[in-house]
Structures are given as structure tokens and as C-alpha cells.
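Q: Return a 3D structure for these sequence lines:
(one chain, ligands or ions: 1)
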Amino acid sequence: MSTLFLIGMHEIEKSQTIIRNEHYFDRIIELHDLDSLMIDLYRDRVSSFPNAHNFETGVSLVLYDPSKFQLSVRQLNVLFKRFFPSFNISAIDHTQEENLQRLECIERENNICRNRITRINHWMYHHHDDIPDGINKKNYGTINGNSIPTQACEANIYTLLLHLNDSKAQQLHKASVPRLIRNIEFMSFLSDPLEKISQDELHYWNILSTWDFCALSLSTQELIWCGFTLIKKLSKDAKVLIADNKLLLLLFTLESSYHQVNKFHNFRHAIDVMQATWQLCTYLLEDNPVQTLLLCMAAIGHDVGHPGTNNQLLCNCESEVAQNFKNVSILENFHRELFQQLLSDHWPQLLSISRKQFNFISEAILATDMALHSQYEDRLMHEQPMKQITLISLIIKAADISNVTRPLSISARWAYLITLEFNDCALLESFHKAHRPEQDCFGDSYKNVDSPKEDLGSIQDILMNVTNPDDIIKSHPYIPNGQIFFINTFAEVFFNALSQKFSKLEFLSDNVKINKEYWMQHKKSQ
Ligand SMILES: Nc1ncnc2c1ncn2[C@@H]1O[C@@H]2COP(=O)(O)O[C@H]2[C@H]1O
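A: Numbers count the residues shown, from 1 in each chain. Sure thing, here's the model as predicted:
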């Protein structure tokens, strides 16, 4: 869905170009000022699933006269990139007719991001010519002097590279939080959880405190609330305090840095992994509140900006992001870099605990690369005595794949989501058979791309209403085979070894065993 925001504009100020292109937007919203715009962006983003106005499945434009608002177009665009990184949104000074040519591109841009395959392709392999301040323009677009395949394009759509470069630029500028954002009372967007706690104060504590935690049935607002509740407690235990509104801003920014449109790798997964990490810390890091806080923070940020694909796909097509990280743990390095910047922007006190401690966050995020799995398995079985950094890495690794250790009805729904995401990767690979990944996205051949329907609505329905795994595999009969493969290849040995080393964690290997038995009973012959 795409939105045209008209800020402080009177009907008579609308030029012919605006009037001619209005119908390409799904809605037009007239607002008095930029403060109201910020409120609308946050409110829409955390509205209930399936969230039509997530700002990812369409392009949105903000038309305003900067001379009336003391905020230049450039400043507003920098604010969007900093606080709403995954959004396809940009600002335009409508008083200059030549700027309005951007409106002519809206239809084509919307087509790219309404099709989930061309959208993902764009995220991964394209970049903009618009270079953030502070990034070396000479090197941008080349690696070691060689030209890069990533397509420079003018589409106003999210890309991984832009996300990374904007984050680097923020690091250089170290700007304070602008008034427009600072003035917002973030608690006011959380009516879902506030209503529930008014009935039962302990509601979220009760659900967070068991291994039956089910992030799948929580709304975005509730997911943010779970993050808030847990981090607030851990920050008190570790004596690294943060004001409520600042913590909420951090969480809203993090949520807007994950792709809500991904099936598996989204903010829901981040909260699920954070909760699992915390539960494991209660067994394994009992007396270490600082490391528990840092590790739970690493967990909530460990997949930030994830495109819902994998390192192999980034490597195969020689994307610039892959080259940026020399083809080593590409996505994990990408998440680590984005998240470190986000933390130093929103919670610099965490950095001041000590560099060494803070580095745990980096190490922990890098440890989630499954290419390192057998190395970690080896350390788990043979490192004597086990180093603290190994223990930290094993905790986050276990939490990252803990969906196979949750009770079956929860585990099956995560399995369903990862299967859908894998299916999209397969569609992307077939797309690459007929189209170069870096192909000009405004070119005609994009028009012939099959358009898989946006399926978030039906997925949400299954997540909320179907708890019996039998019903899930009726429509996706190959899920059991995928789960058996994943458990046999990665999970079983790992969780058995973990449970042997730490007997308090036996419930993990027990659950994997029960789940595997179910999948075996429903295995399909190939
Ligand atoms: N239930 C599951 N079934 C299959 N693969 C999984 C499952 N859970 C996690 N994974 C894989 O394990 C990987 C862990 O790292 P990622 O989150 O990058 O991507 C994850 C998936 O590729």
C-alpha cells in the first residue's frame, strides 16, 4: 500500500502533476504538520496484522513546503532513514515543480514492491545513486577498483546497501535525537498491551517466563511490550538504566529496521530468540546480570535488516553487500554492524560498561552463522574448560534455532513460516533464471514477472487460529520432511550435547525428540 502525505497543503496549492498522479496512491492523507506525520507513521506501523500500511509493500511520499516547517527535505529524509529504515518513504518539496517528477515513477515503484519476489530482489541487489553524507563517493559502487554488479537505480525502495551506508553515515555524524521524535510519547501507541495489563498486571510476565512462550500469537504492539518489559528488568538488574521513553524509541526503531513482510526473519523471531536467550541465561548465567542483558540485547538485534533469504543467494549473485564483507558471514556481519550503530545511537551507556563486555554482542551475533555450526558443536563437546565466550555463543545459537525445541503446536507454526520463506527463496532463484538480479527495475521485462500474491493475511489467519500441526501439514505436506532434515542435520546432536553438558537443559533434547517423532509419523515419501 502506498500513501501520499500532503503536509500543510491547501487544495489550491495542488499542482496539475499532483492531481494527475494522485490515483496511483492507495490513500491520500492531509496533515497540518510534521508532528502529526510522525504519529501516523508509528501508529500505522504497529497496527494489527495483516498490516496493510506497513510502508514496505508500496512507496509513500511526503509533500511539504520546507520553508514553513524549518526542516529541510534532506533533514527529513535523513530522519526517515534513521528511525524508519525499512520504510519506502521520502520527502519532496512540492513548491519546486521539477521535484514533482518523482510522482511519475510511483506506479512503477509500487509494482516492484508489491511483488514479493521483485521486492526482495531489489533489496538484495540494487542501490541508489543518492549517497549519504560522509560515505566516500569515490569508493561507492566499486570494490577494489572493480565496478560492481549492484544496480544503481533511482527507485525509492529499501535496499540492504542503502541501509548499511546510512547506518555508517550516522556513525560519522553522531546527531542527537531530533525534536520531532523526542517529543513523542511512545507508550501512547501501545493500547493492545496496556489494555491487557489493566486486567492482569502480570500477564506478560507470565507468558515470558515459560518455555511455552508463543510470539506467534502476539501483535506488533505486544511484541514491543515484551521487549520493553524484559529489557527494563534486565537493565535494572545490571544497573545500566535507560529511561522508559528512550527504551521504547529504541524498540520502535528496531521494529522498523526489521522487515515486517518477511515470513520468518522479522521482529517476531527477534523477540522469540530474545525470550529463549533469557530463559537459557537463567540456567547458565545465573550470577551475571550484565552479560545476561548484553546477550538478550544481542538476541533482539541479531537479524536486524534480514532480507528473508540467505548468504548463499547474496554470494551467488556477487551482491555488493557480499563483497563488502568479503563473502564471510555476510548477513551476520550486516546485522552486527547495523545493530552496533543502533545501540550506540540509542543506548550509548551500554558501550560504556566496557569495550570487552560490549564485544560480546558482536561475537554473539556472528556466532549465529550456521556455517559455523559444526565448529561450535565441536567446542561444546570438547572445550575444557569451556570459555565464557563459547558459552555465550552457544546460548544465542541454541536460542536462534530453539523453535524446534518449543512444544509441538508452537514449533509446527515456526516450521510453517520458515518453509514459506524457503519457498520465496526458491521463487527468487527461478526469477534469476530469466532475469539478471541487477536488471534495470524500470525496464520492460519486469512487467512480465509472475506476481505471487501477497499472502500475509492468510498466514496470520493460520498463526492465530490453527494450533493443530495436522491442519498445517494438510496444506503443506512436505513440512515434516524439511523438519526431519533440519533436526537430523543440525538440531538433534547439538541439543543432545547441550543437555548432556548442562543437565538442567534436558527439556530441550526431550522436546526435539517428541517433535521429531511426530514429523517421522507424517513423513512423505519423496
Ligand atoms: N524449524 C526450522 N526448520 C528448518 N530450518 C530452520 C528451522 N529453524 C531455523 N532454521 C534454519 O536455521 C538457520 C539459523 O540461522 P538463520 O536465522 O539465518 O536461518 C535459519 C534457518 O535457515
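Q: Now stretch 340-353 - C-alpha only, CSV.
A: The C-alpha trace of stretch 340-353 is given here as CSV (Å, rounded to 0.1, in the frame of the first residue of the first chain):
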residue,chain,number,x,y,z
GLN,A,340,26.0,-1.8,16.9
GLN,A,341,25.2,1.6,15.3
LEU,A,342,21.6,1.4,16.5
LEU,A,343,22.8,0.7,20.1
SER,A,344,25.4,3.4,20.1
ASP,A,345,22.7,5.8,18.8
HIS,A,346,20.0,4.8,21.3
TRP,A,347,21.8,3.4,24.3
PRO,A,348,25.5,4.6,24.5
GLN,A,349,25.6,3.8,28.2
LEU,A,350,25.8,0.1,27.2
LEU,A,351,29.0,0.9,25.3
SER,A,352,30.5,2.5,28.4
ILE,A,353,30.2,-0.7,30.5
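Q: and the stretch 351-500 of the chain, which residues reach the ligand?
A: Thr368, Met370, Asp400, Ile401, Asn403, Val404, Trp414, Ala415, Ile418, Gly482, Gln483, Phe486 (CB under 6 Å from any ligand atom). Every residue, glycine included, has its C-beta placed from N, CA and C.
Q: export those residues to JSON lines and tack on secondary structure, pLDDT and neighbour count?
A: Output for these, formatted as JSON lines (DSSP: H, G, I helix; E, B strand; the rest coil; pLDDT from 0 to 100; neighbours: other CB atoms under 10 Å):
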{"residue": "Thr368", "secondary structure": "coil", "pLDDT": "98", "neighbour count": "25"}
{"residue": "Met370", "secondary structure": "helix", "pLDDT": "98", "neighbour count": "16"}
{"residue": "Asp400", "secondary structure": "helix", "pLDDT": "98", "neighbour count": "22"}
{"residue": "Ile401", "secondary structure": "coil", "pLDDT": "98", "neighbour count": "21"}
{"residue": "Asn403", "secondary structure": "helix", "pLDDT": "98", "neighbour count": "26"}
{"residue": "Val404", "secondary structure": "helix", "pLDDT": "98", "neighbour count": "23"}
{"residue": "Trp414", "secondary structure": "helix", "pLDDT": "96", "neighbour count": "23"}
{"residue": "Ala415", "secondary structure": "helix", "pLDDT": "97", "neighbour count": "25"}
{"residue": "Ile418", "secondary structure": "helix", "pLDDT": "97", "neighbour count": "19"}
{"residue": "Gly482", "secondary structure": "helix", "pLDDT": "97", "neighbour count": "15"}
{"residue": "Gln483", "secondary structure": "helix", "pLDDT": "98", "neighbour count": "28"}
{"residue": "Phe486", "secondary structure": "helix", "pLDDT": "98", "neighbour count": "18"}
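Q: between these, which is closest to the ligand?
A: Phe486 (3.6 Å; CB to the nearest ligand atom).
Q: distance of the closest one from Pro480?
A: 11 Å (CB to CB, to the nearest Å).
Q: Please enumerate the strands of the stretch 201-350 of the chain.
A: Assigned strands in the stretch 201-350 of the chain: none (criterion: DSSP state E, counting those that start in this stretch).
Q: who in it is up against the ligand?
A: Checking the stretch 201-350 of the chain against the ligand by CB under 6 Å from any ligand atom, there are no hits.
Q: which sections of the stretch 201-350 of the chain are below the confidence cut-off?
A: Along the stretch 201-350 of the chain, segments meeting pLDDT under 70 are nowhere present.
Q: Please enumerate the helices of it.
A: Ranges of helices in the stretch 201-350 of the chain, per DSSP state H, counting those that start in this stretch, are 203-208, 220-238, 244-255, 267-284, 289-301, 311-316, 320-324, 330-346, 348-351.
Q: Pull the contacting residues for the residue in the stretch 151-300 of the chain that the ligand sits nearest to.
A: Proximity of the stretch 151-300 of the chain to the ligand (CB to the nearest ligand atom) peaks at His265, 6.1 Å away. By CB atoms under 8 Å, 6 or more residues apart in numbering, His265 lies in contact with Tyr258, His259, Asp303, His306, Pro307, Gly308, Glu421.
Q: thinking again about what came up before, TSV for the helices of the stretch 201-350 of the chain, including mean neighbour count?
A: Output for the helices of the stretch 201-350 of the chain, formatted as TSV (neighbours: other CB atoms under 10 Å):
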stretch	mean neighbour count
helix 203-208	16
helix 220-238	20
helix 244-255	20
helix 267-284	23
helix 289-301	25
helix 311-316	18
helix 320-324	23
helix 330-346	21
helix 348-351	14
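Q: possible to save those as a markdown table with distance to Cys214?
A: Listed next are the helices of the stretch 201-350 of the chain as a markdown table, based on distance: least, CB to CB, whole Å:
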| stretch | distance to Cys214 |
| --- | --- |
| helix 203-208 | 8 |
| helix 220-238 | 11 |
| helix 244-255 | 19 |
| helix 267-284 | 9 |
| helix 289-301 | 17 |
| helix 311-316 | 29 |
| helix 320-324 | 33 |
| helix 330-346 | 24 |
| helix 348-351 | 29 |
